[in-house]
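Enquirer: Sequence plus predicted model, see below.
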Amino acid sequence: MRRIWAIAVNTVKQALRMKIAVAFIVLLFVLLPVMGLVTSGDGTPKGRVQTFVSYSMSLTSFLLCLLTIIVAIYSVTTDIERCQIYTVVTKPVYRFQVLIGKFLGVVLLGFVLLVVFSSMIYSITVYIPRFIDATGEQLNELNNEFYTARASLKPAPVDVSREVKQSFNELVQNRKISDEVLEDDLARRRILEELTKSKELASRSVGPGRQLIWEFNNVNVKSKDPEGKIFVRYKYEVSVAPPNRRIAGRWTVGDYRQEKYGLPVETPLWRESRWDVIRAFHELEVPVEVVADDGYLAVGFVNLPQYNDTTVIFPEKDGIEVLYKSDSFTANYIRATVLVLLRLIFLASLGIFAATFLSFPTAVLFCLVIFATGTISGFIFESFGSLGGGTQLIYTFTVKPLVRMLPQFDKVNPARFLVPARLLSWTLLAKVAVIMVSIKAVILFLLGILVFNHKEIAKVIV
Amino acid sequence: MRFRDTIICVTAVLLSAGLFIIAGSQLQSLNVKRRELGLVIDRPEDIPPSLAFATIATGAFRGLVVDCLWLRAERLKEEGQFFDAKQLADWITILQPRFTQVWDFQAWNMAYNISVSIPASEPQERWRWVKNGYELLRDKGIVVNPKSISLYRRLALIFQHKIGGVTDDDHKYYKLQLALEMEPLLKSEDNSLGAADNRYFEKLAKAPKEFKKVSEDPNFQPLIDELRKADEIFADSDKFVGNYLSLRQNPSGFKPQAFEVIDRFRGTNALKKFDIFAKAYQLRYVWKLEPELMVELNNNFGPTDWDDPNNHLPLEWRHPDAHAMYWAYKALMIGSKGEFSVPEANADRMINHSLQSLFRTGKIYIYSQIMRPQSDSISDANSQVPVIVQQIYLRPDLRMFKSYNKAAMARIEKYEQHREGTTESMRIGHRNMLQNAILSFYQAGLIEQAQEIYNQLKELYPLEKFNVALAVFVRQRFREELTELRNITNITEIIQMIMREAYFRYAMRDDDQAAISENIAKEAYDLYQSDYANEEAEEKQRMSLPDYERLQYLALIDFLMDEQYPAVMRNNLFNRIEIEKPELFEKIIKERDRMLQEQQQSEQ
């Protein structure tokens, strides 16, 4: 362990001597406070804080990732190229211990820098409202919608298999489906798929004068204080866009079982009628008292027929969700920082692996390509999804599996949780840690050890 | 080197030299083309530092950076997050400043898309985004692209349609905010000259343009020096004018000594002139409205002075359509090429629409009332602080007709040589407007003007239906409007609506217009009743309207119960009627008693 620790410490010292490391560190020390002063967002305190956190976390993460890649590769390739490694491998230290020491050093450096800069970001984030004289109302908005961690509950997918089967049987009985089609498995499957899609769509649609109710359990609001709020976030699609692009709806939130089963009213029902623009997100702010003691909550929507003559459809992915305060901003922020650390660990592992068989520039290029691909993986999947025919096929069997193997950094971007105040749960963190670190990083590291163990150290690399 | 290699080298050198010379010879024509297409910033020192830095720093990656920013903006928009929209718009426009569609799109996105995604119950938030939209164009887009007609048009459209229109739920809030922001700049500090006086605008136009010049003028130096001594906030020359105007509107934000300086200089020429300069400065550098052009617009398009029909009064600069007209006019000044162009035709159309709008809604009333917020908590000190609540009402301004008419005729004449479809629709619009104007003038008692317009209508559009006397035409037209809704309930509603308008005007102390509305209501009533004078008794009874006094009483009750008008206004109206119109008050009380009696009888 001492040997590994010695190599790690040496690696850190070597990194700090690198001009690029010093440049990145100084850049962050200068830029972060400047960003805190300069970013204005949409002019509101909340917008300002959101913009600052978004850009500062992204910048810090990006620069530290670059630094990790460069330092990890540099620490190995320089030793090999300048033959300094001879002084190490000739000592009674195993090659894998050398790599572990290098890895540990890189991760340690990344960890320390991450702690320093994330503390800076946290301090600036917390103090921004004091510098800009936010009003009481604005501070309230900040506390409810930013300085918090809101868990999200989405309605469970509706199981329409019974209705689909019923509809299919009706079609067969009414001879709407010919015998040839019945015998053809592919055709049968397609009919069932279409029926399923249409039933699923119907389960999310509300015609004029009709109502849709979503029920949620496990709304674990930690404290039911009078100031507590929950949020219902929703978006409308419509079958026919109204001329003014708005829909009138009546919302009811609370324990619907009281009405349905005629139970004594113990928790209030909250109601509001409002006009909302279609295809844009809206949030209802509801007092926390409406949640039943057992964590049950129902949200009802009525498509008001006197104002609307179109069907309202709630998109499957983000049509409706309930947001409630589940943890503090500080805890969420710490988890977001850990997410960045996991990223650094993976990149350190990748850098070390690449350095074992590539020269410095080639290894850096290799790692940057993987890093960039991982960062825009979502965009890649979306854009290739719009290709047609043969190109799609080629992509599906070649590029797509390769990109899937890489970590998808954009999906677990810390800013995506901090900015809209969404809970970054320990579960998700653990999942990322297992996949990104325990599996992918470890595999890469082991491969690196394998290569390094069999590498001819004295061989000239061109 | 071998002979062959030498030949190749020499040939290559000669070829490259030749190509350089040919390329160089094209440079002059390319520069001329650049100037013609408006791709050159006339004064390179006017390039904002941010643009210069961005161009150099990003280098060849500028396009890539812009793509990333656009993608981010689009993604955040889809997620419904707008906190970064303004910042991204700023950066995208910094990196692509000469690409006018970028400015156009970003301004439209903020003013329209983002503002409507905010609930209508937060008008101040919505207004902020509408302002972000037009300020982006006015303060940055047009500065960098001074020759882009599309940007001027978009700016004019935001004023005309978004703020001046009625499609947005919070359109009244926008109108009010614009009016309140302009109001302090439209009168002299001693109130001797105001927004309705051409001399005020002429003084604004003649005021000095630079603060430096003013600060060196010995006439103003004592005032400026004393203000600087009184409050250190006036030390900053760049913000001096803004701070002075803030001091005049809201002294509580400054040290008391600063306002004492104003008190000491009150009535002096120095203060009067400085005040004019400050307001002109604010219009010029904050609102980007040049007073000289405002004077020109007032002279060309201002409302007619009834006392001197050849004279134009100033436009109502608190109205969004005045601003729309200003920017559309600027587009014309830049884009007018002498030959037909679509952008120019669109700019002309915008001016026309603005003039129509000012005719229909050009009179602004802002009603202020003091309200004490309700609070159950005795210890809550804030509940004791009264707030001033203001509401805005817009009404027709008949004085705008002549300007509209003149502009419409000029526009028709201008486009007569071009496509027929263009002038045909213009003529139909003009004809309809003339017919509406005749009715409005006639009902307002301005018979002479109505006759003048009618004569013009007959001359320009010799249709059969115009071959009647003015009074007959007006009656026919009025009947057409009423009989389009051939239904007693609707007629009653129309008459009561006109009566409510009369009550509103009376409450706003616009007695002349109140009298006009009362006359219109009576005329409508008489016209409808006369249509059934010869009917059978049963039909006559069925179709007949209630007594006129009954309708007056019901209309008054409607007005007093109508919550769109402030409670104080409604109470004041009732008191005014009681004191100043005792005969009307007596009729109303009699009618009330009669109704109560009828009700009691029916219950028995």
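Expert: Perfect, thanks for sending it. Please read these numbers as outputs of a predicted model, since none were measured by experiment.

Enquirer: Give the rounded mean pLDDT of the lengthiest helix in chain B.
Expert: For chain B, the longest helix by residue count, based on DSSP state H, is helix B:3-36. Averaged across helix B:3-36, pLDDT comes to 90.

Enquirer: Over to stretch B:493-500?
Expert: Stretch B:493-500 shows a mean pLDDT of 81.

Enquirer: For it, which residues meet the burial criterion?
Expert: By 16 or more other Cβ atoms under 10 Å in any protein chain shown, the buried positions in stretch B:493-500 come out as B:494-496, B:498-500. In this view, the C-beta of every residue, glycine as well, is placed from N, C-alpha and C.

Enquirer: Adding distance to chain A, write these out as TSV.
Expert: Listed next are the buried residues of stretch B:493-500 as TSV, based on distance: Cβ to the nearest Cβ, whole Å:
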residue	distance to chain A
B:494	24
B:495	27
B:496	24
B:498	28
B:499	28
B:500	25
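
Enquirer: Please flag which of those sit within strands.
Expert: When strands are assigned by DSSP state E, not one member of these lies inside them.

Enquirer: between those, which is closest to residue A:355?
Expert: residue B:500 (83.8 Å; Cβ to Cβ).

Enquirer: what phi and what psi does the backbone show at the nearest residue to that closest one once chain neighbours are set aside?
Expert: The shortest distance from residue B:500 to any residue that is not its chain neighbour, by Cβ to Cβ, 6 or more residues apart in numbering or on different chains, is 4.8 Å, and that residue is residue B:559. When quoted as degrees, to the nearest 10, the phi and psi of residue B:559 stand at phi -70, psi -40.

Enquirer: could you list every residue that touches the residue in chain A positioned nearest to chain B?
Expert: Of all residues in chain A, residue A:281 sits closest to chain B, at 2.9 Å by Cβ to the nearest Cβ. By Cβ atoms under 8 Å, 6 or more residues apart in numbering or on different chains, the contact list for residue A:281 reads A:233-235, A:318, B:79-80, B:117.

Enquirer: run the last query once more with 10 Å
Expert: Going by Cβ atoms under 10 Å, 6 or more residues apart in numbering or on different chains, residue A:281 touches A:233-236, A:318, A:420, B:78-82, B:117.

Enquirer: same check, this time on residue B:399
Expert: If you count contacts by Cβ under 10 Å, 6+ apart, then residue B:399 has B:302-306, B:309, B:312-313, B:316, B:358-359, B:362-363 around it.

Enquirer: what's the domain layout of chain B?
Expert: Here the domain assignment for chain B is B:49-181, B:197-313, B:486-604, based on automatic domain parsing.

Enquirer: Could you identify which of the ones you listed is most buried?
Expert: Greatest average neighbour count among those goes to domain B:49-181 (a mean of 19), per mean count of other Cβ atoms under 10 Å in any protein chain shown.

Enquirer: what separates it from the chain centre, distance-wise?
Expert: 19 Å (Cα atoms, centre = their mean, to the nearest Å).

Enquirer: and it with chain A, contact?
Expert: Yes. Using Cβ under 10 Å from any Cβ of the partner chain, domain B:49-181 comes into contact with chain A via B:68, B:71-72, B:75-88, B:90, B:110, B:113-121, B:125, B:128-129, B:131-132, B:167-169.

Enquirer: now the contacts of residue B:399 in TSV, with distance to chain A, pLDDT and secondary structure?
Expert: TSV is the format used below for the contacts of residue B:399 (distance: Cβ to the nearest Cβ, whole Å; pLDDT from 0 to 100; DSSP: H, G, I helix; E, B strand; the rest coil):
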residue	distance to chain A	pLDDT	secondary structure
B:302	34	94	coil
B:303	32	93	coil
B:304	36	90	strand
B:305	40	86	strand
B:306	39	79	coil
B:309	42	80	strand
B:312	37	91	strand
B:313	36	92	coil
B:316	28	95	coil
B:358	25	94	helix
B:359	26	92	helix
B:362	26	90	coil
B:363	27	88	strand
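
Enquirer: what residues does the stretch 351-462 of chain A put near chain B?
Expert: Taking Cβ under 10 Å from any Cβ as the criterion, the contact residues of the stretch 351-462 of chain A with chain B come out as A:376, A:378-379, A:416, A:419-420.

Enquirer: Buried among the residues you listed? Need that as a selection in ChimeraX.
Expert: The following ChimeraX line selects those of these that are buried, judged by 16+ other Cβ under 10 Å:
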select /A:376,416,419,420
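
Enquirer: what residues does whatever helix or strand residue B:585 lives in touch?
Expert: Assessed by DSSP states H and E, residue B:585 sits inside helix B:582-603. In this structure, residues lying in contact with helix B:582-603 by Cβ under 10 Å, 6+ apart are B:506, B:518, B:546-557, B:574-579, B:581.

Enquirer: one more time with 6 Å, if that's ok
Expert: Contacts of helix B:582-603 from elsewhere in the structure, counted by Cβ atoms under 6 Å, 6 or more residues apart in numbering or on different chains, are B:549-550, B:553, B:556, B:577-578.

Enquirer: from these, which two are the most distant?
Expert: Put simply, by Cβ to Cβ the two of those set farthest apart are B:550 and B:578, 19.4 Å from each other.

Enquirer: Get me the contact residues on chain B for chain A.
Expert: B:80, B:83-84, B:86-87, B:116-117 (Cβ under 6 Å from any Cβ of the partner chain).

Enquirer: is it possible to export those residues to a markdown table including pLDDT?
Expert: Putting the residues of chain B next to chain A into a markdown table (pLDDT from 0 to 100) gives the following:
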| residue | pLDDT |
| --- | --- |
| B:80 | 74 |
| B:83 | 80 |
| B:84 | 82 |
| B:86 | 79 |
| B:87 | 81 |
| B:116 | 82 |
| B:117 | 77 |
